[in-house]
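**Q** A predicted structure for the sequence below; I have some questions about it.
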Amino acid sequence: MEHSYNEIFSQSVQSPETFWAEAADRLHWYRKWDRVLDSSNPPFYRWFTGGTTNTCYNALDRHVDEGRGNSLALIFDSPVTGTKERYTYRELRDIVALFAGALQSRGVRKGDRVIIYMPMIPEAVVAMLACARIGAIHSVVFGGFASHELAVRIDDCKPKVIVSASCGIEHSKVVDYKRLLDFAIELAHFKPEICIIRQRDQLKAELNEERDLSWKQSLLGAEPAACVPLESTDPLYILYTSGTTGQPKGIVRDNGGHMVALKWSMEHVYDVKPGEVYWAASDVGWVVGHSYIVYAPLLHGCTTLLFEGKPVGTPDPGTFWRIVSEYGVSVLFTAPTAFRAIKKEDPHGRYMKQYDLSSLRTLFLAGERADPDTVQWAEQKLQVPVIDHWWQTETGWAIAANCQGIEPGPVKYGSASRAVPGYDVRVVNQDMEELPTGEMGDIVIKLPLPPGTMLTIWKADNRFVENYMTRYPGYYQTSDAGYIDEDRYIHIMSRTDDIINVAGHRLSTGAIEAELSGHPDVAESAVIGVHDDLKGQVPLGFLVLKTGVDTPHQQIVKHVIEYVRENIGPVASFKNAVIVDRLPKTRSGKILRSTMRKLANSEPFDIPATIDDPDILEEIRTALSTIGYAT
């Protein structure tokens, strides 16, 4: 008999050791753990201490050894280069083992760091798994990241080797990765011993004879490497996320807890079966790419999709549907911003109608709050459940979701649904008092966090404690604000720094954005708080219109102001909105609201390293100046 959500959730928080030991038993261990949960040094909790395992073995070799070597592991589809490739589990294991041997032959050992600075090509996945195979700690930096930011990461993690490519392709432009890499190494105080460069046909790089090897050269004479047994608590990777101080935070993930949580999530959160095609339309440079392009699907025995392209423009808004149809994708996971881009270009879903999407069972959204209008549009057009779920780089997998493999509940627009088993989520005020149902406050998670979440910040334990564990002792501070309703559904309204105080009233920018995005002409919106002498702060809206809208802009602005006044009330004091062609975003699709706020308030700011296109800020400044801001 299937257990209910309530039963499973209760067991996960009341008996976490029993709960997670059962999940861990479904993976391979060279040696079983001594303790499921080591709570001896809070907040540095550790999972499966004393156990030894290998993530790469569990992701590749285990399936080959169990007779599934000919099953498809990886599909690569690159509309920007016209390339398509397929790899079985056996083929991928053999390529990974050979590259792992190449790294070992260059002196890379357990605990050494390897930076991977690559586009979305199979070699990026191979390099990650090869590091996992031999116990090297990989740190993937988004391909094409600015040289200065790459240099900061080189100095922080001190890699023995950097694996890169000659170029990437962004917005139909060829980006010279090697030039960016060379300049980063020049800027960095620490110098890597070797750089391995995958030469691409679109641009061949000049190699430094003393330091650089081509990917092909690196494999010459290499012997396949065996998997190295690792402690469960040994670091698997470092993934940098921008810190509020400008100093990047290197999130550290372990081997044992990480693989247990991710495999469990594939079955219970996403309801995917081994052998099915699972597509996370993200990038390996982000946490979604780590967790759900590379590790989770392979740990679970699925076929994972690696896509080099964009939701629109490569070549059209139908590219996602072409891939779903061509490869029989069962579950698609992407960011709401991708769907907003598709909706903007193809509001009537005409491109969808060109493809057979019968294989698609569920669409998952995460990365930004999924506004109800986008969720409803996707539901109507795809006729499948559209599930918003909430998680963070720090957690590595979902905190809240409508778990499709347990007991799916009804979709509530604007909510990420209930807490995923393992996460004891609470809402508190500034005095650490738990708030009643429906009241908005700071969202925190009771310690210990479940397996798969961050161990610490690389070489910065004190910063880990200060950033996440100090404000609310005994709890992890998510820095998100929202409320929990009477059905225990979690509503993430905004980051805590996106709560605006209008004449003493705390308002969520997310609630106002939901109203703006509900307007039939609006494809996407963002709201920030701007300074006001009388009220302290007032909200200011940014609107991106759907393609083909010919309603006068003044009329649209008047309508959305009326929308907010009717649905949120005069207390919101929403009187200003501006129409723009696009919003400034990170490469992963998050809207850069804090940068927009500083721009509007004429405050100094640094251009974020993660910004997708810096030129857009000048467009925003010009638009703001038309209504008296950014002077």
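**A** Arrived safely, thanks for sending.

**Q** okay, buried residues for the helix ranked longest in the chain please.
**A** The longest helix of the chain (DSSP state H) is helix 89-105. For helix 89-105, the buried set under the neighbour-count rule, 16 or more other CB atoms under 10 Å, comprises 89-104. Where you see a C-beta, it was placed from the backbone N, CA and C, and this is true even at glycine.

**Q** the residue of the chain most remote from its centre and residue 284: what is the separation?
**A** Centroid-distance maximum for the chain: residue 534 at 39.0 Å, with CA atoms, centre = their mean. Residue 534 sits 48 Å away from residue 284, going by CB to CB, to the nearest Å.

**Q** so where do the strands sit in the stretch 101-250 of the chain?
**A** Assigned by DSSP state E, counting those that start in this stretch, the strands in the stretch 101-250 of the chain fall at 113-117, 137-140, 161-165, 167-170, 173-176, 194-198, 212-214, 230-231, 235-241, 249-254.

**Q** just the CA trace of the third one, in PDB.
**A** Backbone C-alpha positions of strand 161-165 (Å, rounded to 0.1, in the frame of the first residue of the first chain) are rendered in PDB as follows:
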ATOM      1  CA  VAL A 161      43.800  21.700 -13.600                       C
ATOM      2  CA  ILE A 162      41.400  23.800 -15.600                       C
ATOM      3  CA  VAL A 163      39.300  22.100 -18.300                       C
ATOM      4  CA  SER A 164      37.800  24.400 -20.900                       C
ATOM      5  CA  ALA A 165      36.900  24.800 -24.500                       C
END
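
**Q** from the contact counts, what lies against it?
**A** If contacts are counted by 3 or more CB pairs under 8 Å, 6 or more residues apart in numbering; DSSP states H and E, strand 161-165 sits against strand 113-117, helix 122-134, helix 177-187, strand 194-198.

**Q** what's the domain layout of this structure?
**A** Domain segmentation of the chain under automatic domain parsing yields 5-309+389-482, 503-625.

**Q** adding mean pLDDT and distance to residue 372, write those out as a markdown table.
**A** Formatted as a markdown table, these follow (pLDDT from 0 to 100; distance: least, CB to CB, whole Å):
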| stretch | mean pLDDT | distance to residue 372 |
| --- | --- | --- |
| domain 5-309+389-482 | 95 | 4 |
| domain 503-625 | 84 | 6 |
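
**Q** so which of these is nearest residue 353?
**A** Distance to residue 353, taken as CB to CB, is lowest for domain 503-625 among those, at 17.2 Å.

**Q** how long is stretch 494-509 from one end to the other?
**A** 6 Å (CA to CA, to the nearest Å).

**Q** what about the strands in the stretch 301-450 of the chain?
**A** 303-307, 329-334, 362-365, 386-388, 425-428, 441-446.

**Q** closest one to residue 582 among those strands?
**A** strand 329-334 (18.3 Å).

**Q** can you give me the angle that closest one makes with strand 303-307?
**A** Put simply, strand 329-334 runs at 50 degrees to strand 303-307, going by axes from the mean of the first three to the mean of the last three CA atoms, to 10 degrees.

**Q** quick one: average confidence on strand 329-334?
**A** Strand 329-334 shows a mean pLDDT of 97.

**Q** quick one: stretch 270-280 to chain centroid distance?
**A** The chain centroid and the centroid of stretch 270-280 are separated by 18 Å under CA atoms, centre = their mean, to the nearest Å.

**Q** would you mark the buried spots in that stretch?
**A** Those would be 270, 271, 272, 274, 276, 277, 278, 279, 280, for stretch 270-280 by 16+ other CB under 10 Å.

**Q** same check on stretch 371-383?
**A** So, applying 16+ other CB under 10 Å, buried residues of stretch 371-383: 371, 372, 373, 374, 375, 377, 378, 381, 382.

**Q** just the helices in the stretch 251-400 of the chain please.
**A** Counting by DSSP state H, counting those that start in this stretch, one finds helices in the stretch 251-400 of the chain at the ranges 256-268, 287-289, 296-300, 319-327, 336-345, 372-382.

**Q** dump the ones you listed to CSV, plus distance to residue 513.
**A** Putting the helices of the stretch 251-400 of the chain into CSV (distance: least, CB to CB, whole Å) gives the following:
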stretch, distance to residue 513
helix 256-268, 28
helix 287-289, 22
helix 296-300, 30
helix 319-327, 24
helix 336-345, 11
helix 372-382, 10
